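> Sequence plus predicted model, see below.
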Amino acid sequence: MTKLEFVAENSNIRIDKYIADNEPSLTRTAAAKLIEQGKVFVNENSVGKNYKLKGGDRITLEIPDPVPYEAKPENIPLEIIYEDNDLLVVNKPKGMVVHPAAGNYDGTLVNALLYHCGDSLSGINGVMRPGIVHRIDKDTSGLLIVAKNDFAHFSLAEQIKEHSFTREYEAIVYGNLKDDEGTVNAPIGRSQYDRKKMCVTEKNSKHAVTHYRVIARYKGYTHIKCILETGRTHQIRVHMAYIGHPVSGDLVYGVKNEKVDFTGQCLHARKIGFVHPRSGEYLEFTSQLPEYFRNYLEKLDKITK
């Protein structure tokens, strides 16, 4: 257990907000949870999360040590597009988290891979992310490559680093793009206002390039192909929102109160291509658009006609 102590300098500040503002490792939600668990004391007395501090109050936090976690195998069906002794290409469904993390310890792609592959997954990314070379968001569907050993992992990771890894997505974006094709070249970093979000920024950012091409136009929406030159967190979602055409259904970067009947963005990793680590052969795989995506296109088609 870790014990932290503070002395309040100001008055009339809620205890959960004060803790989050003064301890970088804790969010306000995490602070509230500690308070509910009786791990927060003011002047040696337990308080509720609504307690408002007075100047001079002595605050004590008791933070339990983290419990070690190792991902466990789960018998979850996988759609495997390709598999050999070095790697797999998996078609991830919308709504599945790639690897365990806070709030999502079970039911992830990694849990399913551990059941399917046993010990045959690369260990470079540790026990929480075995085999995972690159990721796609929970609500993004499509193709993902998984390394079965460290040899394959190093080779594939190097291809991603050198931008020789082919990744093409399809998306439905809000509004009508002016040009039939274009490029967004804008650095992406974490938002200073919301650490769960990424944004286009020059501060603490990384080079990011997305090429896009219009596939079809609809009333108020555009169906596009996106080709990634780089692979930053939320790259397509951030870049398309940046140019005023966010991905339809995106609950984080999208249009507020957009009337779509599915949860999360309409974004699918359609194609993946790479040089096989062992054979040196270039391999490329394409997946069909999932049902939710096809249904949405049909709906837009009816509206447009």
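Yes, it's here.
> which residues does the most centrally placed residue in the chain contact?
In the chain, the residue lying closest to the centroid (C-alpha atoms, centre = their mean) is Asp137, at 3.8 Å. By C-beta atoms under 8 Å, 6 or more residues apart in numbering, the residues touching Asp137 are His234, Arg237, Gly264, Gln265, Leu267. (Each C-beta comes from the backbone N, C-alpha and C, glycine too.)
> and it, what element?
Element membership for Asp137 (DSSP states H and E) is empty, with no helix or strand holding it.
> follow-up on the earlier one: and the contacts of Asp137, which two are furthest apart?
His234 and Gly264 (12.3 Å; C-beta to C-beta).
> where do the helices sit along the stretch 1-150 of the chain?
15-22, 28-36, 109-117, 150-161 (DSSP state H, counting those that start in this stretch).
> angle of the first one against helix 28-36?
Between the axes of helix 15-22 and helix 28-36, defined by axes from the mean of the first three to the mean of the last three C-alpha atoms, to 10 degrees, the angle is 130 degrees.
> Quick one: distance of helix 15-22 to the chain centre.
Average the C-alpha atoms of helix 15-22, do the same for its chain, and the two points are 27 Å apart (C-alpha atoms, centre = their mean, to the nearest Å).
> again, but for the second one
What separates the centre of helix 28-36 from the centre of its chain is 24 Å, taken as C-alpha atoms, centre = their mean.
> Report all helices and strands that it contacts.
If you count contacts as 3 or more C-beta pairs under 8 Å, 6 or more residues apart in numbering; DSSP states H and E, helix 28-36 packs onto helix 15-22, strand 58-63.
> List the buried residues of that helix.
Neighbour-count burial for helix 28-36, counted by 16 or more other C-beta atoms under 10 Å, picks out Ala30, Ala31, Ala32, Leu34, Ile35.
> Kindly provide the distance from Ala8 to Lys54.
7 Å (C-beta to C-beta, to the nearest Å).
> returning to what we had before: for Pro130, find the nearest of the helices and strands packed on helix 28-36.
Across these, closest to Pro130 is strand 58-63 (C-beta to C-beta), at 28.2 Å.
> nearest residue to Trp42 other than its sequence neighbours?
Let me fix one detail, which is that residue 42 is Val and not Trp. What sits nearest to Val42 in space, not counting adjacent residues and going by C-beta to C-beta, 6 or more residues apart in numbering, is Asp57, at 5.2 Å.
> got the contact list for the one you found?
Val7, Ala8, Val42, Asn43.
> ok, of these, which one's closest to Pro187?
For the contacts of Asp57, the nearest to Pro187 is Ala8 (39.0 Å; C-beta to C-beta).
> Using CSV, write out every CA atom in stretch 157-175.
These are the backbone C-alpha positions of stretch 157-175, laid out as CSV (Å, rounded to 0.1, in the frame of the first residue of the first chain):
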residue,chain,number,x,y,z
ALA,A,157,7.4,-4.0,-36.3
GLU,A,158,10.3,-2.8,-38.4
GLN,A,159,8.1,-2.7,-41.5
ILE,A,160,5.6,-0.6,-39.6
LYS,A,161,8.4,1.7,-38.5
GLU,A,162,9.7,2.1,-42.0
HIS,A,163,6.1,2.7,-43.4
SER,A,164,6.4,-0.3,-45.8
PHE,A,165,3.4,-1.9,-44.1
THR,A,166,0.2,-1.6,-46.3
ARG,A,167,-2.9,-0.6,-44.3
GLU,A,168,-6.1,0.5,-46.1
TYR,A,169,-9.3,1.4,-44.4
GLU,A,170,-12.8,2.3,-45.5
ALA,A,171,-15.0,4.8,-43.7
ILE,A,172,-18.2,6.7,-43.9
VAL,A,173,-17.5,10.4,-43.0
TYR,A,174,-19.9,13.2,-42.2
GLY,A,175,-20.5,15.8,-44.9
